[in-house]
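Chemist: after the sequence you'll find the predicted model.
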Amino acid sequence: MSLEAIVFDRVAGKCSVKILDQLLLPYQTQYLPINSICDGYRAIKSMQVRGAPAIAIVGVLSVLVECQLLLQESFVKTQTFYDLTQLEKNFNERLDLLLSSRPTAVNLSNAITELRALISEDVKATYDSLFEYACNIIDNDYADNFTMGENGAKHLLEQLDEQNFEGDFGVLTICNTGSLATSGYGTALGVIRSLYARTRQGKEVSEPKKAKKYGSQMVRVFPLETRPYNQGSRLTAYELLHDEIPSTLITDSSISYLVSTSKIPIKAAFVGADRIVKNGDTANKIGTYQLSIICKHFGIKFYVVAPTTTFDANTETGDKIIVEERPPNEFRFVQGTLIDSANAAPVVNEYKIPLKASVGITPLDMPVWNPSFDITPYQHIDGIISEKGVFTKAEDGKFHLETQFQ
Ligand SMILES: CSC[C@H]1O[C@H](OP(=O)(O)O)[C@H](O)[C@@H]1O
C-alpha cells in the first residue's frame, strides 16, 4: 500500500521519475517510469496520475527528464524531437503538447507559463533552471498542504466553538484531494487529516493540561464515491484506511439522506479545486456544485481547499472556465479489478498480478454526457482555504482574493 503518487529521485544530472498508476488502485500498486514529455502527457491524459497539483508536478518533471536526455550525446545523436539550433522553439512546441493533456486544472498551465521563462538555447542552463524549479514546486506543494491543513482545521474548530457546538461531528468530501492528488498530505483531505490529528491527540492525551483546546472533535469522514472515475471509492477510501481515520463511503446520491438521518451531526464539507477564478467561482470534480447546494440547504459549511497554484489570475468568472469532457466509455464502463465473488478477492494471473476488468453498465450505443468537472458559484462557498489563510466573503457578499493572485 503506497500513498506516494510521484517518486522523484532528485540526483542532479541523473534524475529519475516514476508515478503510481492510479487506474490500478486500490488493488494493485504499480509504478511507471516517466522519461519524456510524451510519457507525462499520456500519464496525465489517461488519468494514471490525476489531481491538479500532481498533474502540474508530473508535467514539470516530464520536461526535466526530457531535457536531461538532451544532455546525453548518445541520445542527441539519435533523437528526432529537437533541432538543437532552435531549442526554445522546439521546447515550446513540446510544452504546448503537455498543456493540451487536460484543460481545466490551472496548476499545469500556471507551471508551464513559468517553465517557458526558464528555457533558453543553452541546454545545460535550461536543465539547471528546470531542476531547481522542479525541486521547488514539489517542496512548496508539500509544505503548503500542511499549512492549509492547519489553517482549515483551526478555522472550523474555532467556528464551532463560536457557535457553542460541543461534541462529535462528521465531515463530507468529494473526489480525491489527498496524497494521491498532490506531492503528499493533500488539500481538502489534508484539512481532514489535520482535524483528525487533533481528535486522535485528544483521545491519546491523558494529563488534563494537554486537554484539547476545542470543544468539538471530528470523528468520522464521509467520502463520496465520485462517479464515474470513482476517485472517492478507489482513492480517498484507500487513503483514509491507510491513515486509520474513521470513515464511511457513501454514494453520490445519498448525501441528503445521510445528512438528514446521521446520528453524528455533519458540520462541514471540504472539497478541492482545479481552478479558482478571481471572483471565487471554483471548478472542481463533477458533483461538487450539487454538494454545495445540499450543504446550503442543510446549513453545512462548504469549504474549498487549494494552494495558490490553483488560482487563475486571468479569469474573472467561472462561466469562462473550459470544462473537460472525458471519453463516453469512461461513463458507459466501470473500470476496475476483477473480483472473485466466491472469496471477494482479486482474481490474479499466473504472476499473481490482479486482472483489470471493464464492466458495461449502459447500452453500448447510449448517448452520454461525461463532464469531468463542474463550476460551483462563489455564492455557495463559505470559505476558501489556501496556504495564505482562510478567506471568507466580505460584507458585500463577495470574496476579495487579490492576495491569492500575487
Ligand atoms: C487536490 S486535487 C484537485 C482536484 O483534482 C481532481 O480532479 P481529477 O481527479 O479529475 O484530476 C478533483 O477535481 C480534485 O478536487
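Modeler: Great, that's in hand.

Chemist: and the closest residue to residue 340 other than its chain neighbours, how many neighbours?
Modeler: Closest residue to residue 340 apart from its sequence neighbours, by Cβ to Cβ, 6 or more residues apart in numbering: residue 347 at 5.1 Å. Any C-beta I mention is one placed from the backbone N, CA and C, and that applies to glycine too. By the measure other Cβ atoms under 10 Å, the count of residues near residue 347 is 14.

Chemist: please name the nearest non-neighbouring residue to the closest residue to the ligand within the stretch 301-406 of the chain.
Modeler: For the stretch 301-406 of the chain, the residue closest to the ligand is residue 372, as judged by Cβ to the nearest ligand atom, at 5.3 Å. Counting by Cβ to Cβ, 6+ apart, residue 372 lies nearest to residue 324, which is 4.5 Å off, once chain neighbours are set aside.

Chemist: who touches stretch 298-305?
Modeler: Contact partners of stretch 298-305, identified using Cβ atoms under 8 Å, 6 or more residues apart in numbering, comprise 148, 152, 156, 159, 172, 177, 187-188, 190-191, 256, 259-260, 266-273, 276, 282, 284, 291-292, 294-296, 376, 380-386, 390.

Chemist: the helix or strand of the chain with the lowest mean pLDDT and the ligand in contact?
Modeler: Ranked by mean pLDDT, DSSP states H and E, the weakest helix or strand in the chain is helix 188-204, scoring a mean of 89. No - judged by Cβ under 6 Å from any ligand atom, helix 188-204 makes no contact with the ligand; its nearest approach is 6.9 Å.

Chemist: quick one: the helices in the stretch 51-200 of the chain?
Modeler: 52-69, 73-78, 87-99, 106-116, 123-162, 188-204 (DSSP state H, counting those that start in this stretch).

Chemist: any chance of the ones you listed in JSON lines, plus mean neighbour count and distance to residue 397?
Modeler: Putting the helices of the stretch 51-200 of the chain into JSON lines (neighbours: other Cβ atoms under 10 Å; distance: least, Cβ to Cβ, whole Å) gives the following:
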{"stretch": "helix 52-69", "mean neighbour count": "26", "distance to residue 397": "27"}
{"stretch": "helix 73-78", "mean neighbour count": "10", "distance to residue 397": "57"}
{"stretch": "helix 87-99", "mean neighbour count": "17", "distance to residue 397": "35"}
{"stretch": "helix 106-116", "mean neighbour count": "21", "distance to residue 397": "25"}
{"stretch": "helix 123-162", "mean neighbour count": "19", "distance to residue 397": "18"}
{"stretch": "helix 188-204", "mean neighbour count": "22", "distance to residue 397": "24"}
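
Chemist: out of these, which gets the lowest mean score?
Modeler: Ranked by mean pLDDT, those bottom out at helix 188-204, with a mean of 89.

Chemist: output that one as CSV, nothing but the C-alphas.
Modeler: Taking Å, rounded to 0.1, in the frame of the first residue of the first chain, the C-alpha atoms of helix 188-204 are listed here in CSV:
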residue,chain,number,x,y,z
ALA,A,188,-9.1,19.1,1.3
LEU,A,189,-8.1,15.7,2.6
GLY,A,190,-5.1,17.5,4.3
VAL,A,191,-7.5,19.6,6.3
ILE,A,192,-9.4,16.4,7.3
ARG,A,193,-6.0,14.8,8.3
SER,A,194,-5.3,17.8,10.5
LEU,A,195,-8.7,17.7,12.0
TYR,A,196,-8.4,14.1,12.9
ALA,A,197,-4.9,14.5,14.2
ARG,A,198,-6.4,16.8,16.9
THR,A,199,-9.1,14.3,17.6
ARG,A,200,-6.6,11.4,17.9
GLN,A,201,-4.4,13.6,20.0
GLY,A,202,-7.4,14.4,22.3
LYS,A,203,-8.1,10.7,22.7
GLU,A,204,-4.5,9.8,23.4
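
Chemist: so where's this protein shaky on pLDDT?
Modeler: Applying pLDDT under 70 to the chain flags residues 202-212, 406.

Chemist: try it again at 90.
Modeler: Within the chain, the set of residues satisfying pLDDT under 90 comprises 1-2, 12, 79-82, 84, 199-213, 402-406.

Chemist: which ones are touching the residue of the chain found nearest the ligand?
Modeler: Closest approach between the chain and the ligand, counting by Cβ to the nearest ligand atom: residue 272, at 2.7 Å. By Cβ under 8 Å, 6+ apart, residue 272 lies in contact with 51, 52, 175, 177, 181, 187, 188, 284, 285, 304, 305, 306.

Chemist: measure how buried the residue nearest to residue 372 is and give me the count.
Modeler: When neighbours are counted by other Cβ under 10 Å, residue 324 comes out with 17.

Chemist: before we move on, the earlier item: identify the residue nearest the residue of the chain closest to the ligand in space, chain neighbours excluded?
Modeler: residue 177 is the one closest to residue 272 (Cβ to Cβ, 6+ apart), at 3.5 Å.

Chemist: what residues are up against the one you found?
Modeler: Counted by Cβ under 8 Å, 6+ apart, residue 177 has contacts 51, 186, 187, 188, 189, 190, 236, 270, 271, 272, 305.

Chemist: now residue 4. Nearest residue, chain neighbours left out?
Modeler: That would be residue 20: by Cβ to Cβ, 6+ apart, it lies 6.5 Å from residue 4.

Chemist: contacts only, for the one you found.
Modeler: 2, 4, 5, 6, 7, 29, 30, 31, 49, 180.

Chemist: that older thread, relative to residue 35, how far out is the residue of the stretch 301-406 of the chain closest to the ligand?
Modeler: Applying Cβ to Cβ, to the nearest Å, the value for residue 372 to residue 35 is 27 Å.

Chemist: which one's more surrounded, these two?
Modeler: The neighbour count for residue 372 versus residue 35, taken as other Cβ under 10 Å, is higher for residue 372 (22 against 16).

Chemist: what is the burial count for the closest residue to residue 16 other than its chain neighbours?
Modeler: What sits nearest to residue 16 in space, not counting adjacent residues and going by Cβ to Cβ, 6+ apart, is residue 9, at 4.4 Å. A count of nearby residues for residue 9, using other Cβ under 10 Å, gives 9.
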